[in-house]
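*Asks:* Next come a sequence and a model predicted from it.
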2 protein chains.
Amino acid sequence: MTGQEPQWLTDREQRAWQAYRRMFLLLNAQISRDLQHDSKLSDPDYDVLSNLGAAPDRRRRVSELADRMLWSRSRLSHHLARMEQRGLVVREGVATDGRGAVVALTDQGMRTLDAAAPAHVASVRRHFIDLLSPAQLDVLAELGETVVERLASGPTSAPGTD
Amino acid sequence: MTGQEPQWLTDREQRAWQAYRRMFLLLNAQISRDLQHDSKLSDPDYDVLSNLGAAPDRRRRVSELADRMLWSRSRLSHHLARMEQRGLVVREGVATDGRGAVVALTDQGMRTLDAAAPAHVASVRRHFIDLLSPAQLDVLAELGETVVERLASGPTSAPGTD
DNA sequence: TCCAAGTGATTGACGTGTCATCTATGTCCC
DNA sequence: GGGACATAGATGACACGTCAATCACTTGGA
């Protein structure tokens, strides 16, 4: 079965897709910029800090952190190296498994997070949350969860293409 | 006026924000991967190609292209350099303004775009569009446009903070 | 016991994006 | 004409993310 005419996007679909992409582009850039200016942190820096800050003992197994954040291990490893360099986190070995590692927030990391959080939340509000109605927020949440659920489980390629 | 307690996100807001971020993370990764595997193109490559492909003479002023794509000039300049290297586009001078430049799609660029488009659209459909209802698409479009409109006009920082 | 396979995590190379800076040209106005 | 200033675009340094390869350790047989 070849030569199937591709299913181009309808105007409605095109509009949604384009709006979504443009929103991400600008929103992400603006929020990153704010964070950088207010707190000298990148977006990924903040993600790591806040995730560790919320952890039981301010520390997590590296893989667990990666899974939780939906990051690749490689990405996390690279990023932790940079953050460790700056004194925001430390890596510790783990007794029960010689291969494993645990990342912990340093005091400086904790202070940095505390100092950054209010301005960051304000930025997210200002550029995003406060512009939307509760109904819009709910639709977005649902829609996002639908897409994530599909992607997180089966990252397979085109079904029926094999 | 100091010490204002930060306006943390409510559960509902948190849910939307998190769903949005996770969706972007996975969706973008998956679509990029598909594009890379199917057509040896990165996401930005495709964006540039398709924008030029839709242009009147398959060519545009560099700044106009940047504005249209909401890219910084620097980003576009870097990316065009890489794409020119690969023979997908060419840069030409412009007679009316000695500073200006025009980018044009090469034949190879055009062929690459034509070859990539069907699979890319299919990928977008599979991982995103087809998972959503028309109502969800409309809400997303509206919401995205609201956010973009605000950001595209006044990229100012916190009002009342000065 | 010893080795093959699996798993946790890191590394290197490379493409990408940002900011700050720079070059070249155009514009305004004295 | 000749600055001052703006604009178009390119560039260098650096942070980030991906993939593939690698290292170190663990596990599960034979």
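*Replies:* Thanks, I have the structure now.
*Asks:* need the next SSE after the lengthiest helix in chain A, C-terminal direction.
*Replies:* As assigned by DSSP state H, the longest helix anywhere in chain A is helix A:11-39. Counting by DSSP states H and E, the next helix or strand C-terminal to helix A:11-39 is helix A:43-53.
*Asks:* Remind me what that following helix packs against, helices and strands.
*Replies:* helix A:11-39, strand A:59-61, helix A:62-69, helix A:73-85, strand A:101-105, helix A:107-127 (3 or more CB pairs under 8 Å, 6 or more residues apart in numbering or on different chains; DSSP states H and E). For every residue, glycine as well, the C-beta is placed using N, CA and C.
*Asks:* who wins for proximity to residue B:78 among the ones you listed?
*Replies:* helix A:11-39 (15.7 Å; CB to CB).
*Asks:* now check that closest one, is it near DNA strand D?
*Replies:* No. Using CB under 7 Å from any atom of the strand, we find that helix A:11-39 stays clear of DNA strand D, coming within 8.8 Å at best.
*Asks:* And that helix, what's buried?
*Replies:* By neighbour count on 16 or more other CB atoms under 10 Å in any protein chain shown, the buried set for helix A:11-39 is A:13, A:15-17, A:19-27, A:30-32, A:34-35, A:38-39.
*Asks:* Could you say which one of the helices and strands packed on helix A:43-53 comes nearest to residue B:136?
*Replies:* With CB to CB as the yardstick, what comes closest out of those is helix A:11-39 (8.3 Å).
*Asks:* Tell me how far the closest one lies from the chain's centre.
*Replies:* 14 Å (CA atoms, centre = their mean, to the nearest Å).
*Asks:* go on, stretch A:91-106?
*Replies:* Using CA atoms, centre = their mean, the offset of stretch A:91-106 from its chain centre is 23 Å.
*Asks:* Output it as CSV - backbone C-alpha positions only.
*Replies:* C-alpha atoms of stretch A:91-106 as CSV (Å, rounded to 0.1, in the frame of the first residue of the first chain):
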residue,chain,number,x,y,z
ARG,A,91,27.0,13.6,44.3
GLU,A,92,27.4,10.9,46.9
GLY,A,93,28.0,7.2,46.5
VAL,A,94,25.4,4.7,47.7
ALA,A,95,26.3,1.8,50.0
THR,A,96,23.8,-0.8,48.8
ASP,A,97,24.8,-0.5,45.1
GLY,A,98,28.4,0.3,44.1
ARG,A,99,27.2,1.6,40.7
GLY,A,100,24.6,3.9,42.1
ALA,A,101,24.8,7.6,43.0
VAL,A,102,22.7,10.0,45.0
VAL,A,103,22.5,13.7,44.4
ALA,A,104,21.9,16.0,47.3
LEU,A,105,21.1,19.7,47.5
THR,A,106,23.9,21.7,49.2
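*Asks:* so where's chain A uncertain?
*Replies:* Chain A contains residues with pLDDT under 70 at A:1-3, A:154-162.
*Asks:* With distance to DNA strand C added, can I get the helices and strands packed on helix A:43-53 in TSV?
*Replies:* As requested, the helices and strands packed on helix A:43-53 are exported to TSV (distance: least, CB to the nearest atom of the strand, whole Å):
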stretch	distance to DNA strand C
helix A:11-39	5
strand A:59-61	5
helix A:62-69	3
helix A:73-85	3
strand A:101-105	4
helix A:107-127	14
